[in-house]
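Undergrad: Need coordinates for the below:
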Amino acid sequence: MNLILNDGVDKIPLIGPRSQTLLAKLEIKTVRDLLYHFPFRYLDLRNILQIKDLVMGETATVTGELTSIKNIYTKGGKNFTEGILADESGQIKLIWFNQPFLTRNLKKDTKIAVAGSLTTFSNKPAIIGPDYEVMSEGKETLHTGRLVPIYPETSGVTSKWLRSRIKCLLDLFDPSENLPKNLIDAEDFLKLAEALPKIHFPTNQSDIDKSRERFGFEELFLLALQSNIRKEQWQTAKLSKKINVNEEVRCHLEEFTKLLPFSLTNGQNKAIDEILTDLQKDQPMNRLLEGDVGSGKTVVAAIAAYTAVLNSSNVLYLAPTEILANQHYETFKRLFEKCQIDILLITGNKKVGSTIKPLNHSTITIGTHALLYQDKFEDVGLVIIDEQHRFGVEQRAKLLSQTTGTPHLLTMTATPIPRSLQLVIFGDLDLSIIDEMPIGRKRVKTWVVPKHKRSDAYKWVVSQCRGTMHRAPTDKNPTQAFIVCPFIDESEVDTLKSVRAATKEFEGLTKTLAPLKLGLLHGRLKPKEKDTVVKSFRNKEFDVLVTTPVVEVGVDIPSANIMIIEGAERFGLASLHQLRGRVGRGGEQAYCLLFTSDDKSDAVGRLKILETSYNGAELAEADLKFRGSGDLFGTAQHGVITFKVANPGDQVLVKKARDWAERVVSKVDKYPELSETIEEIKKAEVAPN
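TA: Prediction:
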């Protein structure tokens, strides 16, 4: 069949316009996407028995002749389809509920295979709701009698439908190899044409293991390759403005740090030294600054920005949310109050600036995505991107295209990055880590609260927070609290109905926490409404802020010392660590209470790690072990890095992927199998100006 991996799914037989629309919901748009839509588990239906050998409650596959099939309608308005399956050893009743169309699909005397568990119906043995397929001479079964793949699905696209389309595609299409032959031979990996059938339709566990190893490596290898290509492109980029860190600049920086109301930590000073060293080089800096919430990354970024301004260079500071952009704007105004620096704020909602007339013409412009749609910025020496994983490659490239030449780039994240991922995903970046908290910052006491102690916890919150609204004005350090819920509205999905939703919780807690005053914050509020809520909370107009994880980034309330997280088992450990970092920022003892809607020992056991561990990187590594490699950057975030197959905690495979990527990128001409892939990567990455 004349297909290539990049062809659209419309080129695949039996996939029409409606199916294309449904597949797009699963992000399946090309032949490659469909072939790489891997099973997340398999049903073992290899237990093939005769009818007489079926055991009550045991799952098995039975092959026989359908001797009768009919729809039955009860007086109560219900309907079910009843079939009789017979083989040489006997017969068994088959029952399907609410599927009257089966009498059109399955005809009497048809040879079929069914898979299910033996149970009883009307006090007689039966198989209820079995999987089935019509048998064809010389054709292997697809949905029964084997290891049957189960895929991520969406409404209108079932695993059964996906199996049939993928099998058809594999039978008609011989994909060309996309990894170098010497790599496959050296590592003893399956070839692509062998690995695809084995991951979709394995005959045994070995097929699954070998194919997943190949595709896991491929994912890590391509990420590492992207990283190396970005690094090569960046190193050959033309620097827009040279930045000097001479004696005069250092004197200004020293005076600036003396004006700070706190002392810098050793971690902050080390990061500053690394950034200043980079800024003096002839090639653009490309550095990632990692540090837990509250570790002082913003001050380090401010010093980098000040260095650029002292060299008559403009600075762009991109933040992921309007709340965070506003907060940085206020922080920078406060930090540079005596430095006569012009600071601008550009968001989708407003454009404001200080009234200071700068000593030079350099400006620090802070903004959200709105910065991407401004006119070109001149004389930009430094671009700072906060929470960098929330911005896609295209967005970062667009921001850099807004400048003339290539500026120095400082990206920041509060998300603890597992050590096993740093070299693969961020290998193009130099890394600075702030691994200590500001002096005097106390650890947040953390407890997992079981269901039966929830009411006592609420009473304790009332006793602690009665002060924001009800203490005398002379009382010091009134306490406020966050209550974080996973969702905005209650879920209609049965399995999620026990998970607290912010809007419903707000209504109930207004009574439970009386006489405290509550506010509500979530992502559906308009920007002005969010600003108003945050400002009111900061001004102590209410005691408790009920919110979604939108507070994970950018809400800094020094008087908030209690963090309650509902449905904590639905969050990764790293995300929970970030959320608890939002409290205790004023120096008082802070508390984090983890409420769970699941008291199962495995869920509670995972959460209890937070009671004793305060190291973000360790918690991120623990996330990989407990939750796998799925959502590495928390709940419902944009730009999330996900893996279909790879286990980034596999140090051996990660090292192999990194080593091969470095070897390949320096000798691209020798690897024709990768030429198309490399060209695609280069088009998507940040090209030198």
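
Undergrad: Can you pull out the low-pLDDT segments for the stretch 251-400 of the chain?
TA: For the stretch 251-400 of the chain, applying pLDDT under 70 flags the ranges 349-350, 353-361, 388-396.

Undergrad: what are the ranges of the helices in it?
TA: For the stretch 251-400 of the chain, helices defined by DSSP state H, counting those that start in this stretch occupy the ranges 266-279, 297-310, 322-335, 393-401.

Undergrad: Repeat that for the stretch 1-150 of the chain.
TA: Assigned by DSSP H, counting those that start in this stretch, the helices in the stretch 1-150 of the chain fall at 17-24, 31-35, 102-105.

Undergrad: on that earlier part again, which one, of the helices of the stretch 251-400 of the chain, ends up nearest to Pro149?
TA: Of all these, it is helix 393-401 that lies closest to Pro149, at 31.4 Å by CB to CB. To be clear about C-beta, it is placed using only N, CA and C from the backbone, and glycine gets the same treatment.

Undergrad: Could you list every helix and strand in contact with the next helix or strand after the closest one?
TA: Sequence-wise, the next helix or strand downstream of helix 393-401 (DSSP states H and E) is strand 408-413. Helices and strands touching strand 408-413, by 3 or more CB pairs under 8 Å, 6 or more residues apart in numbering; DSSP states H and E, are helix 266-279, strand 286-291, helix 297-310, strand 380-385.

Undergrad: what does the last one contact?
TA: For strand 380-385, the surrounding residues in contact (CB atoms under 8 Å, 6 or more residues apart in numbering) are 240-241, 243, 279, 301, 304-305, 307-308, 311, 313-318, 391, 396, 399-400, 402-404, 407-412.

Undergrad: hang on, the earlier thing: just the helices of the stretch 1-150 of the chain: most buried one?
TA: Mean neighbour count (mean count of other CB atoms under 10 Å) peaks for helix 31-35 among the helices of the stretch 1-150 of the chain, with a mean of 18.

Undergrad: ok now it, how far from the chain's centre?
TA: Distance, stretch centre to chain centre, for helix 31-35: 22 Å (CA atoms, centre = their mean, to the nearest Å).

Undergrad: mean confidence score for that helix?
TA: In this model, helix 31-35 has an average pLDDT of 95.

Undergrad: Taking strand 286-291 as reference, get the angle to the helix ranked longest in the chain.
TA: Criterion DSSP state H: the longest helix present in the chain is helix 205-235. Relative orientation of helix 205-235 versus strand 286-291 (axes from the mean of the first three to the mean of the last three CA atoms, to 10 degrees): 120 degrees.

Undergrad: For helix 205-235, name the packing helices and strands.
TA: Using 3+ CB pairs under 8 Å, 6+ apart, helix 205-235 sits against helix 192-200, helix 419-425, helix 651-665, helix 675-684.

Undergrad: Low-confidence bits of the stretch 51-200 of the chain, can you list those?
TA: Checking the stretch 51-200 of the chain against pLDDT under 70 turns up nothing.

Undergrad: how about the strands in it?
TA: For the stretch 51-200 of the chain, strands defined by DSSP state E, counting those that start in this stretch occupy the ranges 59-73, 79-87, 90-97, 111-121, 124-128, 131-134, 147-150.

Undergrad: Pipe the ones you listed into a markdown table and attach distance to Leu573 per row.
TA: Output for these, formatted as a markdown table (distance: least, CB to CB, whole Å):
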| stretch | distance to Leu573 |
| --- | --- |
| strand 59-73 | 35 |
| strand 79-87 | 46 |
| strand 90-97 | 41 |
| strand 111-121 | 37 |
| strand 124-128 | 40 |
| strand 131-134 | 37 |
| strand 147-150 | 27 |
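
Undergrad: right, and the helices of the stretch 1-150 of the chain - which one's nearest Ile323?
TA: Among these, the nearest to Ile323 by CB to CB is helix 17-24 (31.9 Å).

Undergrad: The closest one: how far from the chain's middle?
TA: Distance of helix 17-24 from the chain centroid (CA atoms, centre = their mean) equals 25 Å.

Undergrad: and if you look at stretch 584-597?
TA: 24 Å.

Undergrad: Give me the residues contacting stretch 51-65.
TA: Defining contact as CB under 8 Å, 6+ apart, one finds that stretch 51-65 is touched by 44-50, 85-87, 89-92, 109-119, 125, 127, 135, 141, 144-145.

Undergrad: Check stretch 184-200 too.
TA: For stretch 184-200, the surrounding residues in contact (CB under 8 Å, 6+ apart) are 35, 38-39, 149, 163, 166-167, 170, 174-179, 183, 207-208, 210-215, 217, 656.
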